[in-house]
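**Student:** Got a sequence here, can you model it:
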Amino acid sequence: MYISFIFVTFADNQMLASKKNTRGKSFSPIECPFRATLDLLEGKWKFAIIYSLMKKGTLRFKELEREVGGITPRMLIASLKELEANGIVHRKAYATVPPTVEYRLTDCGRTLEPVIESIRAWGEEHIERQTGRVK
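**Tutor:** Purely as a prediction, here's the structure:
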């Protein structure tokens, strides 16, 4: 989201205006919890990752990569790091060769279950309306 600001100053009785475009948050999470939640879960892959972990429980990295489908390892790593930093996903690393890492939803992540389920149900209904086919 791009936000434009116009800064107006007066010097020698002349109005000087400069325009500044910024990308970022123009809100406080306290003021807009909806927007804060969207920023927390933004991106193409985070909902798919959460849905896969919700469905399957604990998954290793490669299992999660196969389950999500179409995601690059680099994007999966970045998304998992963000989800872990926000307390949605728990990462457990084992001291093995090669390294073994497992991911699961935290208790906080499990609270997203009704939201994810509602999105899935809406998607099924939408596809039925659009195609006329019942799944």
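**Student:** Next up, the contacts around the residue most central in space within the chain.
**Tutor:** With distances taken as Cα atoms, centre = their mean, Leu41 lies nearest the centre of the chain, 2.3 Å away. Contact analysis of Leu41 by Cβ atoms under 8 Å, 6 or more residues apart in numbering lists Phe47, Ile50. C-beta coordinates here come from the backbone N, C-alpha and C atoms, glycine included.
**Student:** Mind doing that once more with 7 Å?
**Tutor:** Phe47 (Cβ atoms under 7 Å, 6 or more residues apart in numbering).
**Student:** Distance of it relative to Pro99?
**Tutor:** 27 Å (Cβ to Cβ, to the nearest Å).
**Student:** ok, now Glu65?
**Tutor:** 15 Å.
**Student:** more neighbours, the two?
**Tutor:** Taking other Cβ atoms under 10 Å, Glu65 and Pro99 do not tie; Glu65 has more neighbours (19 against 9).
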